[in-house]
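A.B. asks: Build me a model from this:
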Amino acid sequence: MAITVVFDFPTGSVEQYRQVFESGGQAIVDQPARLHHQCFANGDGITVIDIWEDEESFGAFGGIIGPALAEVGLEATPDVRRTYRTLSQSGEITDY
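C.D. replies: The predicted structure follows:
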């Protein structure tokens, strides 16, 4: 079952977000079960949204992302929700 994970960082900065990638290294990027990732502004902070193939894959990622977030001073409780459908720019519909 695919899931969407939302991280809200009300006072997080884009610089901290970029530092997470430096801190976690290639393991942050090399996540084949992560289907989508985006970061956007949210008031004075940022929000990150990931879509994962399943909750187990996201859970395994916790050992990578948790320390990287802590190292740059970001704290968040992920909001995990079931994903039913995605629609690509090319019009491809994927139901989960």
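
A.B. asks: Would you state the helices of the protein in chain order?
C.D. replies: For the chain, the helices defined by DSSP state H cover 14-24, 26-29, 55-72.

A.B. asks: Out of those helices, which gets nearest to Asn42?
C.D. replies: Taking C-beta to C-beta, helix 14-24 is the member of these nearest to Asn42, at 11.2 Å. In short, each C-beta sits where N, CA and C put it, glycine included.

A.B. asks: follow-up on the earlier one: need the helices of the chain in CSV (columns: mean neighbour count).
C.D. replies: Converted to CSV, the helices of the chain look like this (neighbours: other C-beta atoms under 10 Å):
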stretch, mean neighbour count
helix 14-24, 15
helix 26-29, 12
helix 55-72, 15
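
A.B. asks: Would you convert those helices into JSON lines that also reports distance to Thr47?
C.D. replies: Below are those laid out as JSON lines (distance: least, C-beta to C-beta, whole Å):
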{"stretch": "helix 14-24", "distance to Thr47": "10"}
{"stretch": "helix 26-29", "distance to Thr47": "17"}
{"stretch": "helix 55-72", "distance to Thr47": "14"}
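
A.B. asks: Determine which of these approaches Ala41 most closely.
C.D. replies: helix 14-24 (8.0 Å).

A.B. asks: Run through who's touching the closest one.
C.D. replies: Helix 14-24 is contacted by residues 9, 28-29, 39, 46, 48, 64-65, 67-69, 71-74 when judged by C-beta atoms under 8 Å, 6 or more residues apart in numbering.

A.B. asks: contacting residues for the residue nearest to the spatial centre of the chain?
C.D. replies: Nearest to the geometric centre of the chain sits Asp50, at 3.8 Å (C-alpha atoms, centre = their mean). Applying C-beta under 8 Å, 6+ apart to Asp50 gives the contacts Thr4, Val5, Phe7, Arg34, His36, His37, Phe58.
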